[in-house]
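K.L.:
Give me a 3D structure for the following:
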Amino acid sequence: MKVAILDDELHCVESLVLHLQSLFPEVQVMYKSTQPLEALKVLQKIKIDLLFLDIEMPNMNGFEFLNQFTQLPFDVIFTTAYSQYAVKAFKAQAINYLLKPIDEEELRQAIVSYIHNRSQQRRTPENLEELLSNFIKEKTSEDKIAIPVSDGVEFIRVKEILYCQSQSNYTMVLLQSGKKLIFSKTLKDTESILNKYGFLRIHQSYLINPLHLIKYVKNDGGFVIMSNEKEIPISTSKRKSLTEYLESFVD
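P.N.:
This next block holds a predicted model:
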């Protein structure tokens, strides 16, 4: 069996190599990397059976990496440190995964399970889109962010945020409860924090949580209706990316 390893942390790569050599001497590690863009070029040229793939990587996460392939030429075992939400997301798709730091016995079981079910492991783009959706949903339900307020710092669950609105060099964060918090960062900075949770920038002044998106209205230039009945306009430059996002659910 020929495998490759992609993880942005070198010590994780080397540790996994040692575990594999110890447990399965017959497994050939054909390629290992900490650089997704470099790995993308290599893995389109060489033949492997299985890729151990980290999820959270800078510049390109594991899901984005896989989406670069029209059809996956290899199977995947995900590696992640996020046990709280990863378990539900992966089990929903019967996906093999390993929680970091990787335990040798869990690795052994994952390989044995993979060999037994390898004909069922390969994923279509549709499978991956559903997995990504489940992953974001589970992750968002658990994660919190810290917002500096006048008398200290307030920790809020990401899933409770309806939308964020630009107010000059500040950002207003509206919560599900109706509470408003003023965040001492620009909307661009706030977007960089919330982007990994699936938030969408649909206007120069608005960043929305799609979990609270109720309706998309095409009339009058286009706007969305949030769960609190707030109508938020869509800028012309953002309309295409929003419609592409929505069409992925309609298809």
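K.L.:
From one end of stretch 193-209 to the other, what's the distance?
P.N.:
13 Å (CA to CA, to the nearest Å).
K.L.:
I meant to write stretch 185-202 there.
P.N.:
End-to-end distance for stretch 185-202, by CA to CA: 18 Å.
K.L.:
Name the residues that touch that stretch?
P.N.:
Contact with stretch 185-202 is made by 61, 136, 139-140, 143, 145, 158, 161, 164-166, 169-171, 173, 183, 205-211, 224, 232-235, 238, 241-242, 245, as judged by CB atoms under 8 Å, 6 or more residues apart in numbering. Quick note: C-beta positions are derived from backbone N, CA and C, even for glycine.
K.L.:
Try it again at 7 Å.
P.N.:
With contact meaning CB atoms under 7 Å, 6 or more residues apart in numbering, stretch 185-202 is reached by 136, 139-140, 143, 145, 158, 164, 166, 169, 171, 183, 205, 207-210, 224, 232, 234-235, 238, 242, 245.
K.L.:
okay but Lys180 is in contact with Leu174, surely?
P.N.:
Yes: counting by CB atoms under 7 Å, Lys180 does reach Leu174; the two are 5.7 Å apart.
K.L.:
neighbour-wise, which of those two wins?
P.N.:
Leu174 (20 against 10; other CB atoms under 10 Å).
K.L.:
which residues does the more buried one bridge with?
P.N.:
Tyr163, Lys180 (DSSP bridges).
K.L.:
can you start the count at 736 instead of 1 from here on
P.N.:
Sure thing, new numbering starts at 736, so read that last one as Leu909.
K.L.:
distance between stretch 959-968 and the chain's centre?
P.N.:
Put simply, stretch 959-968 sits 25 Å off its chain's centre (CA atoms, centre = their mean, to the nearest Å).
K.L.:
try stretch 755-767
P.N.:
Here the centre of stretch 755-767 is set off from its chain's centre by 28 Å, with CA atoms, centre = their mean.
K.L.:
Identify the residues contacting that stretch?
P.N.:
By CB under 7 Å, 6+ apart, stretch 755-767 touches 736-740, 748, 752, 777-778, 781, 783, 839, 842-843, 846.
K.L.:
buried set for that stretch?
P.N.:
Along stretch 755-767, these residues count as buried under the neighbour rule (16 or more other CB atoms under 10 Å): Leu755, Phe759, Val762, Val764, Met765, Tyr766, Lys767.
K.L.:
is it true that the last one lies in a strand?
P.N.:
What it means is Lys767. Yes: counting by DSSP: H, G, I helix; E, B strand; the rest coil, Lys767 falls inside a strand.
K.L.:
per-residue pLDDT, it?
P.N.:
Per-residue pLDDT puts Lys767 at 96.
K.L.:
ok so, going back, quickly check the buried residues of stretch 755-767 for the two that are furthest apart.
P.N.:
Spanning the widest gap among those are Phe759 and Tyr766, at 16.6 Å by CB to CB.
K.L.:
So which residues of this protein form helices?
P.N.:
Counting by DSSP state H, the segments of the chain that form helices are 745-758, 771-778, 797-801, 818-827, 839-852, 860-877, 922-929, 971-985.
K.L.:
Out of those helices, point me to the one whose mean pLDDT is lowest.
P.N.:
Ranked by mean pLDDT, the helices of the chain end with helix 818-827 at the bottom, a mean of 54.
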